[in-house]
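**Student:** For reference, the sequence and a predicted model appear below.
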Number of protein chains: 2
Amino acid sequence: MQALGRQARQASARLSAASAAEKNAVLRGIAVRLRASGEALAADNARDLERAQAAGLAAPMVDRLRLTPKILETLAQGCEQLAAMPDIIGEIRGMTQQPSGIRVGQMRVPLGVFGMVYESRPNVTIEAASLSIKSGNACILRGGSEAIDSNRALARLVRAALADAGLPEDAVQLVQTTDREAVGQLIAMPQYVDVIIPRGGKGLIERISRDARVPVIKHLDGNCHVYVDDPCDVAMAVTIADNAKTQKYSPCNASEGLLVARAVAADFLPAIGAVYAAKGVEMRCDPEAAAILARVGGADVRPATEQDWSEEYLAPIISIKMVAGLDEAIAHINRYSSHHTDAIVTRDHVHAQRFLREVDSASVMVNASTRFADGFEYGLGAEIGISTDKFHARGPVGIEGLTSLKWVVLGQGEVRT
Amino acid sequence: MQALGRQARQASARLSAASAAEKNAVLRGIAVRLRASGEALAADNARDLERAQAAGLAAPMVDRLRLTPKILETLAQGCEQLAAMPDIIGEIRGMTQQPSGIRVGQMRVPLGVFGMVYESRPNVTIEAASLSIKSGNACILRGGSEAIDSNRALARLVRAALADAGLPEDAVQLVQTTDREAVGQLIAMPQYVDVIIPRGGKGLIERISRDARVPVIKHLDGNCHVYVDDPCDVAMAVTIADNAKTQKYSPCNASEGLLVARAVAADFLPAIGAVYAAKGVEMRCDPEAAAILARVGGADVRPATEQDWSEEYLAPIISIKMVAGLDEAIAHINRYSSHHTDAIVTRDHVHAQRFLREVDSASVMVNASTRFADGFEYGLGAEIGISTDKFHARGPVGIEGLTSLKWVVLGQGEVRT
């Protein structure tokens, strides 16, 4: 692992100075090779699938390992889209002259080397490698043992594309062993690795955060809320509360809690209750909301416990609570939400401004579904992950999250006096 | 310590929503109280000084504890300058409309709570408290035991100014115990403290970095370089190499290494050698540089060892090495420098651009003294510290370093499809 680290550090010096044209040539090269290597990749992927089936993995888990032609095409297009994006490395911002005469600005530069630790899906190998190349960083990838044959084949392909473009192959390295100890070493080499990005279950992420000796860009819980304010457009509130919960149940930006201002509850709750009832969404309610929702035909209404306010269901379940108004809604969210994404539906400008300012979450929204909290929807062009931390990067993280700003000083012989 | 943490977290919610006028009133209130409390503060300070003298502390160490009328006035003016600065909290940048119709931007918000761990000088209590208030963060301050009486008096003064302005006193809390265990607890409460800023000796900073369970904004070594390129204005190179080394020996941005392109060495080295000889600067040289410098009258020329290239002398000593040109200079700096601040003196535009891009340091400079690497010289208006990390904040850190960007989404009822 030390050798991988040394090689990554060395490759990163070359990659950080690579031109946009060189980096984009690698990305287009990866796309070409992904399209040309379908059969060979299928053979490697088949070994992972057979091993998974032999080990008795559940069908959905086996499916996550599968590299279909469609997935390969999506990955190829992703690389081409990255190649088409502007290169933010080397840009200089805010160059201003100081009283001493020097001009001072900040240049965007790569962080250096990142380590990615992930489970199952082999597509992450291509996604991480392409982000790494575009951002001028080297990376060390550590995928799951269940996808090791696919990951090896994909890493070989990326390295060949790097070599073709005259860039060092070691800009992208795959950890060849799959023992857990390798992860422990990877996350504890501050001299070689500048940041760790884990992707996977909560257990993996908590373990890495606890043991890492370098910064971690991580995503933990997504307990998101919609607060339906007084006054609001009730029809809009129903549309948003419906979409935020039911458009997809599994994403981290799906809402798990619904807060309703008392003054609009009699209008709003029966309408959203009917929608949730029709879609089979279980409603865990405080007594006041329950009293109204119990009258909705077919509604699955249950009493909420204290635990429900903190729960990330990722399922057709939502907690519902009536509140006096904005203050109580903000207090509830700041206490129970996971500081991921929270939305208000309102017509009141002052309420909207206070919600935006006072709710301490990575994304705060007015009159929009929490499901928009996503790098692509935010126009980042690529998404490394969604950070639930405040330090360095917060919320959806694009390529900027893999960069740093260094100070640039231009003088004409100035000295300190 | 848990209680301090809880109180800080609670106070931070109010402070993060405080208006610029409220925060500036506190800062001006601190200035008024500092000027009015000279005698009372002198009495508290005297107890620290007596204890230090009784304990046999060296005179310079005792001096660092002293709160003179001049220091109090400087602190008061610092608070007034902070009050006069624009408030960056709540500003929204880059609000753009996305294809879905939502508008997305980023709002600057406080990090929440920071912990400051520092030694000796009690003025840090006021500097940290005022930065905390201006940036809308709460803070927990842990000064050294030798200044505990002064720190207590200053913290009381700040808390009174907070209360006067109707803001929670607990926005600024001083740890009342001075045992080491308190630091261990302070740096391991991620639920209450968002970032730790240590100020002090290298031992303290390394210990905190190793044990902290939260991010640390830290400063380690300052092994800075001046590279004298070919072609360059030799007179300018002499002025800069002189200033970078000798204007002050103790700051972290003073240069410790001088690299000289072989083609200009015969012109440049005798000139700078005479300057250093006149100022009693010891020159630790590679054989080529030594051969030229040995002919300078009065020059203290010694052979450099491998260790010298990495050394932070903070003294009238400099290492000097002849290099073939730009490539060797960049390679040497990226290998041996502490990635703090490095400068090139050149007339070559391409060399200047490559140096700026390829030298992996927090500050990179062309034709200016490394001594400019400083928050005030960079126009930040305040300096929390100088970060030698790449993550979050790099180089001189102003108030921005105590803030984070959250995403703001404005919709008109948009949902994901």
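**Tutor:** Everything's here; your move. Numbering: from 1, shown residues only, chains lettered A, B, ... in the order given.

**Student:** I'd say A:Leu162 and A:Pro168 touch.
**Tutor:** Yes. Between A:Leu162 and A:Pro168 there is a contact under C-beta atoms under 8 Å: 6.7 Å. In short, each C-beta sits where N, CA and C put it, glycine included.

**Student:** Of the two, give the one with the bigger neighbour count.
**Tutor:** Neighbours were counted for A:Leu162 and for A:Pro168 using other C-beta atoms under 10 Å in any protein chain shown; A:Leu162 has more, 25 against 19.

**Student:** could I have stretch A:62-82 exported to PDB, CA atoms only?
**Tutor:** Taking Å, rounded to 0.1, in the frame of the first residue of the first chain, the C-alpha atoms of stretch A:62-82 are listed here in PDB:
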ATOM      1  CA  VAL A  62     -26.000 -10.000  -7.900                       C
ATOM      2  CA  ASP A  63     -27.800  -7.500 -10.200                       C
ATOM      3  CA  ARG A  64     -25.800  -4.600  -8.700                       C
ATOM      4  CA  LEU A  65     -22.600  -6.300  -9.900                       C
ATOM      5  CA  ARG A  66     -23.800  -6.600 -13.500                       C
ATOM      6  CA  LEU A  67     -22.100  -4.600 -16.300                       C
ATOM      7  CA  THR A  68     -24.700  -4.600 -19.000                       C
ATOM      8  CA  PRO A  69     -24.100  -3.100 -22.500                       C
ATOM      9  CA  LYS A  70     -26.500  -0.300 -21.400                       C
ATOM     10  CA  ILE A  71     -24.400   0.400 -18.300                       C
ATOM     11  CA  LEU A  72     -21.200   0.500 -20.300                       C
ATOM     12  CA  GLU A  73     -22.700   2.900 -22.800                       C
ATOM     13  CA  THR A  74     -23.900   5.200 -19.900                       C
ATOM     14  CA  LEU A  75     -20.400   5.100 -18.500                       C
ATOM     15  CA  ALA A  76     -18.900   5.900 -21.900                       C
ATOM     16  CA  GLN A  77     -21.300   8.900 -22.300                       C
ATOM     17  CA  GLY A  78     -20.400  10.100 -18.700                       C
ATOM     18  CA  CYS A  79     -16.800  10.200 -19.700                       C
ATOM     19  CA  GLU A  80     -17.600  12.200 -22.900                       C
ATOM     20  CA  GLN A  81     -19.700  14.600 -20.900                       C
ATOM     21  CA  LEU A  82     -16.800  15.200 -18.500                       C
END
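
**Student:** ok, it near chain B or not?
**Tutor:** No. Using C-beta under 8 Å from any C-beta of the partner chain, stretch A:62-82 never reaches chain B; the gap is at least 14.2 Å.

**Student:** Can you list the buried residues in that stretch?
**Tutor:** Within stretch A:62-82, the residues that count as buried by 16 or more other C-beta atoms under 10 Å in any protein chain shown are A:62, A:64-67, A:71-72, A:75-76, A:78-80, A:82.

**Student:** Repeat that for stretch A:345-352.
**Tutor:** So for stretch A:345-352, counting by 16+ other C-beta under 10 Å, buried means A:345-346, A:348, A:351-352.

**Student:** likewise stretch A:212-223?
**Tutor:** Within stretch A:212-223, the residues scored as buried using 16+ other C-beta under 10 Å are A:212, A:214-223.

**Student:** Out of the residues you listed, which is nearest to chain B?
**Tutor:** A:Pro215 (4.5 Å; C-beta to the nearest C-beta).

**Student:** Need the buried residues of stretch A:212-223 in a markdown table (columns: distance to chain B).
**Tutor:** As requested, the buried residues of stretch A:212-223 are arranged in a markdown table below (distance: C-beta to the nearest C-beta, whole Å):
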| residue | distance to chain B |
| --- | --- |
| A:Ala212 | 11 |
| A:Val214 | 8 |
| A:Pro215 | 4 |
| A:Val216 | 10 |
| A:Ile217 | 9 |
| A:Lys218 | 12 |
| A:His219 | 14 |
| A:Leu220 | 11 |
| A:Asp221 | 14 |
| A:Gly222 | 14 |
| A:Asn223 | 16 |
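
**Student:** now those residues as TSV including pLDDT and secondary structure?
**Tutor:** Shown next, in TSV, are the buried residues of stretch A:212-223 (pLDDT from 0 to 100; DSSP: H, G, I helix; E, B strand; the rest coil):
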residue	pLDDT	secondary structure
A:Ala212	89	coil
A:Val214	88	coil
A:Pro215	89	coil
A:Val216	91	strand
A:Ile217	90	coil
A:Lys218	86	coil
A:His219	82	coil
A:Leu220	78	coil
A:Asp221	85	coil
A:Gly222	90	coil
A:Asn223	95	coil
